[in-house]
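[1] Need coordinates for the following:
(chains A, B, C and D)
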There are 2 protein chains.
Amino acid sequence: METKEKITNKKAALLQATLTLVNNHGFHKSPMSKIAKLAGVAPATIYLYFENKQDLINSLYLEVKASFSECAFKAYQDDLPVKKGFEIIWHNIAHYKLNQIDEATFLSQCDSTPIIDEEVIEEGLKHLQPLLDLWERGKKEGIVKPLSNYILYAYAVYPLSFLLAIQEKDFYTLSDKMRKKAFQSAWDAIKV
Amino acid sequence: METKEKITNKKAALLQATLTLVNNHGFHKSPMSKIAKLAGVAPATIYLYFENKQDLINSLYLEVKASFSECAFKAYQDDLPVKKGFEIIWHNIAHYKLNQIDEATFLSQCDSTPIIDEEVIEEGLKHLQPLLDLWERGKKEGIVKPLSNYILYAYAVYPLSFLLAIQEKDFYTLSDKMRKKAFQSAWDAIKV
DNA sequence: AATAAATGAATGATCGTTCATTTATTTTAT
DNA sequence: ATAAAATAAATGAACGATCATTCATTTATT
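    From the prediction side, this is the model:
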């Protein structure tokens, strides 16, 4: 138990350090030496837990993506009415993106940059299936516009990434009231 | 004349090469040697036109941002009705993002990554003012939702970046019919 | 005493940048 | 108009710095 905890402690510290450095300085200015220093270990120790730098960042991506997905579908059941189900997922995602700012920023960076291996990106995409299923049902019921899931995602979920980026830069903070209005816009964009 | 043309030729070739390499392999795997080779010049030649690597990528960002803005407001006049004006700008931006894929992909990467100097990012933001002015007018006229410009941008323009990313990965291509529907979603999201 | 975890210094490779030199272009003098 | 001189553009090899990774050794745990 002790052993296993300590192992995951150092591994977790390394992942956290990588997240912080890559967010603040970019992948190209986040050398292994700095990652090790921030995590409080020696550079060589990284290679006890990860094959190399690429494996380190791939692992971080998958871990963050998993935590994101877990949050996105919290309290969601696939037998809810379409709008209600979407509302739950949307607010879950909003909550994640606006509270777990570091993680969400990192995901944004990875999704618009070729730093993560393609296979790993695809692996991370599988988690979203319940939302796609929900939209399919909404289309069948005539509640959701008959657009492709990509377009629906672009209008209903993706905008949150922009709001996150804005908030990150301290230009703007989204109040609860605003959040409800933002959801209304998301729903307006995809509802029939 | 000859001189000046040749100068801009090499400079343009270097910017184009940087765009291609950074898009395909990321900033960290785009060494000056490869940029030079792709542009057909010697590595040292880069330093005749740019101070250093950072200046090279900053310059590229500003150039692409300028071309984007020029396209965005083509044929736009600020005395048009709000919806019509927005429609023109939206389609201009859609046209740019879905046709000048390389440039748009590069902008996305720069906007969610700390590779461009902060001052340069701000410099590039100034171009969008006419769109913000249009939205302000729309709010005054009661046509556009009384949301902050950031939120309006997030729902009306930012989704195009996602569609671009999808198209880039060859999962999906946006037909003209779909483009009109996509505009409808954008307008639905921000109209009162 | 045996095994596992962690280390720091060393290595080899890569990269950004520089500079002495070469090549091309423009200007000047005849 | 042409050759020589002056200037500008371009180069490739080389330098120093930085980085990812390794390994012999030390430290901690079993």
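
[2] Any regions of chain A where pLDDT drops low?
    A:1-7, A:169-172 (pLDDT under 70).

[3] Count the residues that sit near the closest residue to DNA strand C within chain A.
    When scored by Cβ to the nearest atom of the strand, chain A has A:Ala44 as its residue closest to DNA strand C, at 2.6 Å. C-beta here means a position set from N, CA and C on the backbone, and glycine is covered the same way. Residues lying near A:Ala44 (other Cβ atoms under 10 Å in any protein chain shown) number 9.

[4] in the host helix or strand of it, what counts as buried?
    A:Ala44 is part of helix A:43-49, with elements assigned from DSSP states H and E. Buried residues in helix A:43-49, counting neighbours by 16 or more other Cβ atoms under 10 Å in any protein chain shown, are found at A:45-46, A:49.

[5] Of the residues you listed, just say which sits nearest to A:Lys84.
    A:Tyr49 (42.1 Å; Cβ to Cβ).

[6] Pull up the gap between the residue nearest to that closest one when sequence neighbours are not counted and A:Ala75, please.
    Nearest residue to A:Tyr49, sequence neighbours excluded (Cβ to Cβ, 6 or more residues apart in numbering or on different chains): A:Lys11, at 4.6 Å. For A:Lys11, the distance to A:Ala75 equals 29 Å [Cβ to Cβ, to the nearest Å].

[7] Please say which of the two ends up with more neighbours.
    Using other Cβ under 10 Å as the criterion, A:Lys11 and A:Ala75 rank with A:Lys11 on top: 19 against 9.

[8] Packing partners of the top helix by length along chain A?
    Using DSSP state H to define each element, chain A has its longest helix at helix A:2-25. Here helix A:2-25 touches helix A:32-39, helix A:43-49, helix A:53-72, helix A:101-111, going by 3 or more Cβ pairs under 8 Å, 6 or more residues apart in numbering or on different chains; DSSP states H and E.

[9] Just put those in CSV and tack on distance to A:Ala17.
    Listed next are the helices and strands packed on helix A:2-25 as CSV, based on distance: least, Cβ to Cβ, whole Å:
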stretch, distance to A:Ala17
helix A:32-39, 4
helix A:43-49, 10
helix A:53-72, 10
helix A:101-111, 12
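
[10] so of these, which one's packed in deepest?
    helix A:101-111 (a mean of 20; mean count of other Cβ atoms under 10 Å in any protein chain shown).
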